[in-house]
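1. Fold the following and give me the result.
(chains A and B)
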Amino acid sequence: GIQVEQSPPDLILQEGANSTLRCNFSDSVNNLQWFHQNPWGQLINLFYIPSGTKQNGRLSATTVATERYSLLYISSSQTTDSGVYFCAVSTDSNYQLIWGAGTKLIIKP
Amino acid sequence: DVKVTQSSRYLVKRTGEKVFLECVQDMDHENMFWYRQDPGLGLRLIYFSYDVKMKEKGDIPEGYSVSREKKERFSLILESASTNQTSMYLCASSLPGLPNYGYTFGSGTRLTVV
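-> Numbering: from 1, shown residues only, chains lettered A, B, ... in the order given. Next up, the predicted model:
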């Protein structure tokens, strides 16, 4: 089945820094979503982005489907950005979401 | 504001007990899912449902069952709780068909089996 790998596994930054999180996937996908899980466990959908680029405030995401990766950019990080960021994909042969292991982001004040 | 509500935030049960985890969504979503999340293992799908009275096994269904008698409610049942079922349980719902658009999670139930 498809493999989803996220990097880095952990990231510690000072408030105000920019960060780039990466998601690599091993096969063609029809769906790619980015989620944020806050320190209290709540998961929020950030982007639905099987291809192209989207922006929402300080967050943006780019998926290059032909090269099988997606990037999540966080600019001017705030402490509320802390948590775990997950990438999840689905394929034509398995339309359940397949989850990466996540990137744990800690933003220090 | 649309919501997926899980009945308990924290739960402590004894080994061998029958445990019910309840999930209710108010978005009229056809799809509902139960995951468990463990450190280092990410999210693993236990069961999902695409319609009332319909259920499908996910990746780790052993030791669990589900019930969906109404569209808005999806229950996860641990028939005989064991300590290895201590985990965070997450319920989610989404719009029908591809590509699982509108995926919305509840706030999770942290279950401890002693």
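2. now B:Phe20, which residues is it bridged with?
-> B:Ile77 (DSSP bridges).
3. Give me the pLDDT value at it.
-> B:Phe20 carries a pLDDT score of 97 in this model.
4. Residue numbers of chain B in contact with chain A?
-> Counting by C-beta under 8 Å from any C-beta of the partner chain, the positions of chain B adjacent to chain A are B:40-43, B:45, B:48, B:58, B:88, B:90, B:92, B:98-105, B:107-108, B:110. No exception for glycine: its C-beta is placed from N, CA and C like everyone else's.
5. Weed out the non-buried ones from those residues.
-> Buried by 16 or more other C-beta atoms under 10 Å in any protein chain shown: B:42-43, B:45, B:48, B:58, B:88, B:90, B:92, B:99-100, B:103-105, B:107-108, out of the residues of chain B next to chain A.
6. Please identify which two of the residues you listed are farthest apart in space.
-> Farthest-apart pair in those is B:Met88 and B:Pro99; separation 25.3 Å (C-beta to C-beta).
7. Now intersect the residues of chain B next to chain A with the helices, please.
-> Among the residues of chain B next to chain A, no member falls in helices (criterion: DSSP state H).
8. and the buried ones among the residues of chain B next to chain A, which of them are in strands?
-> B:42-43, B:45, B:48, B:88, B:90, B:92, B:104-105 (DSSP state E).
9. Show residues contacting stretch A:52-69.
-> A:22-29, A:32, A:34, A:46-47, A:49-51, A:70-78 (C-beta atoms under 8 Å, 6 or more residues apart in numbering or on different chains).
10. overlap between those and the residues near chain B?
-> Among the contacts of stretch A:52-69, the ones lying near chain B by C-beta under 8 Å from any C-beta are A:Pro50.
11. in stretch A:43-63, what counts as buried?
-> A:43, A:45-50, A:59-63.
12. which one of these sits closest to chain B?
-> A:Leu43 (4.0 Å; C-beta to the nearest C-beta).
13. Return the set of residues that bridge with that closest one.
-> What pairs with A:Leu43, by the bridge criterion (DSSP bridges), is A:Gln37.
14. Does it touch A:Phe86 like I think?
-> Yes. Judged on C-beta atoms under 8 Å, A:Leu43 makes contact with A:Phe86 at a distance of 7.4 Å.
15. Spit out the residues that contact those two alike.
-> Common neighbours of A:Leu43 and A:Phe86 (C-beta under 8 Å, 6+ apart) are A:35-37.
16. Serialize these to CSV and add fields for pLDDT, neighbour count and distance to B:Lys70.
-> What follows is the shared contacts of A:Leu43 and A:Phe86, written out as CSV (pLDDT from 0 to 100; neighbours: other C-beta atoms under 10 Å in any protein chain shown; distance: C-beta to C-beta, whole Å):
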residue, pLDDT, neighbour count, distance to B:Lys70
A:Phe35, 96, 22, 27
A:His36, 97, 22, 30
A:Gln37, 96, 21, 28
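17. out of these, who's nearest B:Asn31?
-> Taking the shared contacts of A:Leu43 and A:Phe86 together and measuring to B:Asn31 by C-beta to C-beta, the closest member is A:Phe35, at 16.0 Å.
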